[in-house]
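# Mind looking at a prediction? Sequence and model below.
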Amino acid sequence: MTIVFIRLFFIILSSIVGYYIGSVISVFSFQYALAGAAIGFFGSLLVILLEVRLKKISVRNLSVAVFGLIFGFFMAWILTLVVRLIPMDDRAYSSVNIIFILVFCYLGMIIAMRGKDEFNLIIPYVRFSRQEQSDEIVVLDTSIIIDGRIADIAHTRFLEGRLLVPRFVLRELQQIADSQDSLKRNRGRRGLDVLNRLQKNSHISVKIHEEDFPEIKDVDTKIIKLAKLLGAKVFTTDFNLNKIAELQGVGVLNINDLVNALKPVVLPGENMTVRITREGKEYNQGVAYLDDGTMVVVDNARHLIGQTLNVIVTSALQTSAGKMIFANKIEEDKPKGRSR
């Protein structure tokens with residue numbers, strides 16, 4: 001709403017300025033004043049249209065381009081001072097000056113754009129904050145958004161810093177939501193709902209980051225490069241992304257590790273009731289899932305798919321990819337027959 005108000009104010013102010021300039025040029029002629037107001041009005045609309053078209057341009061790319069432009073202009077100015085020491089006609093000197101400005105400004109912008117990943121101190125990436133203040137940046141990947149538990153963690157205020165959702169992650173999430181596969185479509189829509197919840201949370205900052213790397217096709221590689229560029233951490237549940245990020249020195253927040261630290265340990269010998277939903281990978285295994293998604297592998301239960309069983313835990317395995325529980329079904333005591 002603030003942007004709309006600024007645009008309206010700009011249109012009104014441009015019309016007034018155009019009216020004033022038209023009246024001054026024509027010695028306060030009303031017709032010229034109206035023409036000036038019309039020119040100011042339509043000129044402001046063109047400027048706003050240009051501004052809307054430029055909204056997709058990354059602020060970082062623009063900062064790098066401006067830096068290169070200033071650097072090129074500075075180099076051209078130095079060289080023209082040196083050339084000034086050579087005796088020449090003023091018209092020739094002016095021509096050389098213009099050529100140097102054009103050439104070095106162009107080269108400065110191109111070189112700066114090609115090496116933009118090396119500019120770590122360019123505004124707006126310089127963070128002017130006191131040392132005791134926390135300003136950690138966390139980059140979200142697709143898996144953590146679809147998982148959904150990040151919204152609950154953010155609501156409890158245990159998660160601090162700024163959450164960044166790259167535009168390419170949002171694009172991948174929208175593609176999943178538009179998938180022909182109903183399962184993928186539901187997961188994608190769930191992720192969009194989670195993002196909506198995060199943006200409505202007043203206790204945490206969630207921003208859509210426009211930076212993209214067109215030369216890189218893989219989304220995980222883009223996430224890691226962006227995190228290294230911003231000095232940020234990656235929040236994920238993807239086991240492969242976790243390992244690759246760690247190998248490249250990028251900090252990782254894995255929600256499965258958090259669950260592992262907070263969830264009570266399931267001890268061997270405990271009983272639980274589960275419903276077998278599908279067959280396991282090994283021979284005669286059945287697989288069930290707890291309410292939190294934990295996988296329970298039950299031996300000798302392949303033929304009991306769709307049934308609810310009482311099982312006893314034999315072991316549990318917790319990794320960054322999730323938790324697995326191994327169990328055996330509890331055999332019910334059969335009534336003894338009469339002995340003859």
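Nice, thanks for sending it over.
# Okay, domains of this protein per the record?
The chain breaks down into these structural domains: 1-56, 60-126, 137-261, 265-329 (assignment by automatic domain parsing).
# okay, Arg114: pLDDT?
In the predicted model, Arg114 carries a pLDDT score of 71.
# for Met88, that is, sorry about that
You'll see Met88 listed with a pLDDT of 78.
# For it, give me its contacts.
Listed by Cβ atoms under 8 Å, 6 or more residues apart in numbering, the contact set of Met88 reads Val96. For the C-beta atoms, the positions are set from N, CA and C on the backbone; glycine is no exception.
# Which of the three states applies to it?
Under the three-state scheme (DSSP: H, G, I helix; E, B strand; the rest coil), Met88 adopts coil.
# Now do the longest strand along the chain: which elements does it pack against?
Looking across the chain with DSSP state E, the single longest strand is strand 308-319. Secondary structure elements in contact with strand 308-319, counted by 3 or more Cβ pairs under 8 Å, 6 or more residues apart in numbering; DSSP states H and E, are strand 271-279, strand 295-299, strand 322-329.
# How about residues contacting the second one?
If I follow you right, that is strand 295-299. 272, 274, 276, 280, 284-290, 309, 311, 322-329.
# Check those for burial and list the buried ones.
Neighbour counting over the contacts of strand 295-299 (16 or more other Cβ atoms under 10 Å) leaves 272, 274, 276, 280, 285-288, 309, 311, 322-323, 325-327, 329 as the buried ones.
# Looking at those, which is nearest Ile21?
Ile21 has its nearest neighbour among the buried ones among the contacts of strand 295-299 in Gly322, at 68.5 Å by Cβ to Cβ.
# From the chain's centroid, how far away is the lowest-mean-pLDDT helix or strand in the chain?
Averaged element by element with mean pLDDT, DSSP states H and E, the chain has its least confident helix or strand at helix 255-262 (a mean of 74). The chain centroid and the centroid of helix 255-262 are separated by 23 Å under Cα atoms, centre = their mean, to the nearest Å.
# buried stuff in that helix?
For helix 255-262, burial by neighbour count (16+ other Cβ under 10 Å) applies to Ile255, Asn256, Val259.
# and it with strand 322-329, angle?
Orientation check (axes from the mean of the first three to the mean of the last three Cα atoms, to 10 degrees): helix 255-262 against strand 322-329 gives 60 degrees.
# between helix 255-262 and strand 308-319, how many degrees?
Our comparison of helix 255-262 with strand 308-319, counting by the same axes, to 10 degrees, yields an angle of 110 degrees.
# ok, which stretches of the stretch 151-300 of the chain are helices?
In the stretch 151-300 of the chain, helices defined by DSSP state H, counting those that start in this stretch lie at 167-177, 182-200, 219-230, 239-247, 255-262, listed in chain order.
# Check which helices and strands the last one is in contact with.
Read it as helix 255-262. Using 3+ Cβ pairs under 8 Å, 6+ apart as the contact test, the elements touching helix 255-262 are helix 149-155, strand 322-329.
# One more pass at 10 Å, please.
Under the contact criterion of 3 or more Cβ pairs under 10 Å, 6 or more residues apart in numbering; DSSP states H and E, helix 255-262 touches helix 142-147, helix 149-155, strand 233-236, helix 239-247, strand 308-319, strand 322-329.
# looking at the helices and strands packed on strand 308-319, which is closest to Asp181?
Counting by Cβ to Cβ, Asp181 lies closest to strand 271-279 out of those; the figure is 17.9 Å.
# got a list of contacts for the closest one?
Residues lying outside strand 271-279 but in contact with it, judged by Cβ atoms under 10 Å, 6 or more residues apart in numbering, are 266, 285-290, 294, 296, 298, 301-313, 325, 327, 329-330.
# Adjacent strands (with direction) for that strand?
According to DSSP bridges, strand 271-279 has the following sheet partners: strand 285-289 (antiparallel), strand 308-319 (antiparallel).
# Could you figure out how far the first one is turned away from strand 295-299?
So the one you mean is strand 285-289. 150 degrees.
# If you average the pLDDT over strand 285-289, what comes out?
Taken as a whole, strand 285-289 carries a mean pLDDT of 90.
# how far is that strand from where the chain is centred?
Here strand 285-289 shows a centroid-to-chain-centroid distance of 35 Å under the convention Cα atoms, centre = their mean.
# Can I get it in PDB, CA atoms only?
Output of strand 285-289 as PDB, limited to C-alpha atoms (Å, rounded to 0.1, in the frame of the first residue of the first chain):
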ATOM      1  CA  GLN A 285       9.300 -57.500   6.500                       C
ATOM      2  CA  GLY A 286       6.300 -55.100   7.000                       C
ATOM      3  CA  VAL A 287       6.600 -51.400   7.400                       C
ATOM      4  CA  ALA A 288       4.500 -49.100   9.600                       C
ATOM      5  CA  TYR A 289       4.800 -45.400  10.400                       C
END
